[in-house]
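Participant: Sequence and predicted model, in that order:
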Number of protein chains: 2
Amino acid sequence: MTTTNALNENINTWISQINKEYKAAVSVDCVIFGYDENDLHVLLLKSDMPPFEGKYSLVGDLVTPNETLDESAERVLFQRTGLKDVFLEQVKTFSDVDRHPLGRVITTAYYSLVKLNPELFKIQEGNSKLKWKKVAKVGELAFDHNSILENCLTQLRYRLRDKPIGFKLLPKKFSLKQLQNLYEKVLDIELDKRNFRRKLKALDLLVDLNENQSDVNHRPAKLYSFDQEKYERKRKKGFNFEL
Amino acid sequence: MTTTNALNENINTWISQINKEYKAAVSVDCVIFGYDENDLHVLLLKSDMPPFEGKYSLVGDLVTPNETLDESAERVLFQRTGLKDVFLEQVKTFSDVDRHPLGRVITTAYYSLVKLNPELFKIQEGNSKLKWKKVAKVGELAFDHNSILENCLTQLRYRLRDKPIGFKLLPKKFSLKQLQNLYEKVLDIELDKRNFRRKLKALDLLVDLNENQSDVNHRPAKLYSFDQEKYERKRKKGFNFEL
DNA sequence: CCAAAAGTGTTTGTAATACACCCATGG
DNA sequence: CCATGGGTGTATTACAAACACTTTTGG
C-alpha cells in the first residue's frame, strides 16, 4: 500500500531538479519590535511594489547565496536600524505560492526586540520610508505581512512568559514599575503589583543597583538590572523562568 | 547613523535579483515519529548521496513550484507511508550554506505523529531503504539531520505538555495506563499513577467508553477515547491543556 | 490460590490570588 | 501640604506531590 516505489530518490534526480526549475527566491522578513515604555511598536516600510504601492510592509530582503537566514536577518536589521547584536528569533517560514507579486518568494519570519530610544525613533524622519507604528494600530499591510506580524507577536508573548527576554526591551537600569508596565503592555493583561514584585524577588535574577530614579515628582523608584550570567547559571541547573 | 540610504529598495532591484542568482533550492524534511506503545521511533531512509552513502537521513524532498511547504510535507509523508490527514507541524528552517553537498538547499523541518501499527511497520521490509529506528538509538545521520531531529524532538516534547496531541500516537481506544506510558516514554520522565489519573479526570476531555480490555491475564483496564470536539469547545473558551 | 496489573483517597507542602495602607519626593 | 506614584505583608485558596492497599482477571 505504500507508494515508495513510485519515488525516484537517487542523486541524478536531485541534480537535475536543482538545476532546472526547482528553485525559488528566498527572503527574510523581520518584525522589529520597539518598546518606548508606553507602547509596543513595529518598524514598517512604505512599499512601492505593485499592487501594494503606498501600503506598509515589514522590512526584509532576499537571502544572498552566501549567508544563512540568521545572518540575512541580522543584515536586514543592521541596514535598517544600524543595530548589531540584537535579539533575533526565527518564527516561521511562509510559502503560499502566490504570496509575492513578482513570483515565488518563500520567506522566513524573524522577530527582534529593541529599546526605542529617541535616536532610534529618528530613523523614520526625513525622506525615509521607514515608520515606527504602534502594533495595536497597524492597519492592512502589504503581502501576507499581517499574518507574519500576528505569528511573531504570538511568539513574542509566548516567549515573554517563558524566557527572560523582556529585559531586552528596557534600558539597562530600570524600576520594577517599568518592568511590570512592559509585561502589562506587551501581554495586554493587568498584574498585581505586590504579587509581581514577590515573584520577581523569588526568581532572584535582578541586581539591586542601590540607585534611585531622579527628577521625578514623586518618591523615586529603586533601580535594578538583569543579571544575565546568574540566569545562565540557574538555567543550566534546570531552572525555568516562568513568569 | 542609519544606513538606509545604502539600500536600494526598489522593484527593479528585486526583479533582477530574483531572476539572476538569488535563488535557492528549497526542500522539506519530515521527522515522522511513530509510537508502538513501547518506544518512540523515527522513519529514516538510507542515503545514497556522497559523501553520505550508507548513512541514514530523514525523509524529505524538494518543494515543487506549485505547492506550499505544508503541502510538500504532506506529500512526502504520503509518498513514504501512504498516510493522509496526519498531524504535521512546521518547526524550523535550516539554512547553513554548506549543509547540502549538491549546492545550496534551504530546508524546512516538519514533524508528524503516527501510530505505529504492524502494517506501517512493514514499509521497511523487502528492498525498501526505509527504516523505523528508535529515537533513543539513532546514530549519526546524513546532512544536518541530527540537528533537525533534535529540534523536532524538543518541539514535540514541548507540545505534548501544551496541547493534546499525544492522543495522535495512540489507537482510538486506549487505557489510562497506555496514555501514561506514552507521556513517560516520550518525555522520558516518571509520573505518579494516581496524580496522573486525577489530572486527566480534571481536564475532562476523555470519553469513558464503558468497554474493557480483553485477553489480558490480569484485571482488564477500562478504555477511553479523546473527545476532540469537547477540547475545541473548551479551548475556544480560553481553556488550556497544560499537563 | 497466585501473579499481574487496575484502580482508588488522603495528607502535606507550596505557589497563586486578593487585598489596603503608609512613604518619599517635587512643586 | 498636597499630589503622585513607590513600596510593603498577610490570609485564603487552589494545585502539586508523595504515598499503600484492595480489586479483578487469567492461568
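Facilitator: Happy to help now that I have it. Numbering: from 1, shown residues only, chains lettered A, B, ... in the order given.
Participant: now the strands for chain A?
Facilitator: With DSSP state E as the criterion, chain A has strands at A:23-35, A:40-46, A:56-57, A:59-62, A:87-94, A:105-115, A:130-134, A:206-212, A:222-226.
Participant: Run the angle between the fifth one and strand A:105-115 for me.
Facilitator: Taking axes from the mean of the first three to the mean of the last three Cα atoms, to 10 degrees, one finds that strand A:87-94 is oriented at 150 degrees with respect to strand A:105-115.
Participant: Closest residue of chain A to DNA strand C?
Facilitator: residue A:219 (3.0 Å; Cβ to the nearest atom of the strand). Using the backbone N, CA and C atoms, a C-beta is placed for each residue, glycine as well.
Participant: separation between that residue and residue A:213?
Facilitator: Distance of residue A:219 to residue A:213, given as Cβ to Cβ, to the nearest Å: 9 Å.
Participant: okay, those two: which has more neighbours?
Facilitator: Set residue A:219 next to residue A:213 and count neighbours by other Cβ atoms under 10 Å in any protein chain shown: residue A:213 wins out with 16 against 7.
Participant: Need the pLDDT of the closest residue to DNA strand D within chain A.
Facilitator: Chain A approaches DNA strand D most closely through residue A:218 (2.6 Å), counting by Cβ to the nearest atom of the strand. Listed pLDDT for residue A:218 reads 93.
Participant: With the one 4 residues further on instead?
Facilitator: According to the prediction, residue A:222 has pLDDT 97.
Participant: Run through the neighbouring helices and strands of the top helix by length along chain A.
Facilitator: Counting by DSSP state H, the longest helix found in chain A is helix A:145-160. The contact analysis (3 or more Cβ pairs under 8 Å, 6 or more residues apart in numbering or on different chains; DSSP states H and E) places helix A:145-160 against strand A:23-35, strand A:87-94, strand A:105-115, helix A:176-187.
Participant: Please identify which of these is closest to residue B:243.
Facilitator: In terms of Cβ to Cβ, the element of the helices and strands packed on helix A:145-160 nearest to residue B:243 is helix A:176-187, at 22.9 Å.
Participant: is DNA strand D contacted by the closest one?
Facilitator: Yes. Remark: helix A:176-187 sits within contact range of DNA strand D at A:176, A:177, by Cβ under 7 Å from any atom of the strand.
Participant: Can you mark which positions in that helix are buried?
Facilitator: A:176, A:178, A:179, A:180, A:181, A:182, A:183, A:185, A:186, A:187 (16 or more other Cβ atoms under 10 Å in any protein chain shown).
Participant: and the angle from that helix to strand A:23-35?
Facilitator: Using the same axes, to 10 degrees: helix A:176-187 against strand A:23-35 is 140 degrees.
Participant: Output stretch A:179-191 as CSV, nothing but the C-alphas.
Facilitator: Only the C-alpha atoms of stretch A:179-191 are listed here, as CSV (Å, rounded to 0.1, in the frame of the first residue of the first chain):
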residue,chain,number,x,y,z
LEU,A,179,9.2,46.1,34.2
GLN,A,180,5.6,45.4,35.2
ASN,A,181,4.4,48.0,32.7
LEU,A,182,6.3,46.2,30.0
TYR,A,183,4.6,42.9,30.8
GLU,A,184,1.2,44.5,31.0
LYS,A,185,1.6,46.4,27.8
VAL,A,186,3.0,43.6,25.7
LEU,A,187,0.8,40.8,27.0
ASP,A,188,-2.2,43.1,27.3
ILE,A,189,-3.0,42.0,30.8
GLU,A,190,-3.1,43.5,34.3
LEU,A,191,-0.8,42.4,37.0
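Participant: Of all the helices and strands in chain A, which has the lowest average confidence?
Facilitator: helix A:11-19 (a mean of 75; mean pLDDT, DSSP states H and E).
Participant: Against which helices or strands is that one packed?
Facilitator: Looks like helix A:11-19 contacts strand B:59-62 (3+ Cβ pairs under 8 Å, 6+ apart).
Participant: strand partners of the strand it packs on, parallel vs antiparallel please.
Facilitator: strand B:23-35 (antiparallel) (DSSP bridges).
Participant: Can you list the buried residues in the strand it pairs with?
Facilitator: B:23-35.
Participant: Which segments of chain A make up each domain?
Facilitator: A:15-160, A:166-236 (automatic domain parsing).
Participant: measure the shortest one end to end?
Facilitator: Right, domain A:166-236. Start and end residues of domain A:166-236 are separated by 20 Å (Cα to Cα, to the nearest Å).
Participant: next one: stretch A:233-243
Facilitator: Start-to-end, stretch A:233-243 (Cα to Cα) is 18 Å.
Participant: Report whether it contacts chain B.
Facilitator: No. Judged by Cβ under 8 Å from any Cβ of the partner chain, stretch A:233-243 makes no contact with chain B; its nearest approach is 12.0 Å.
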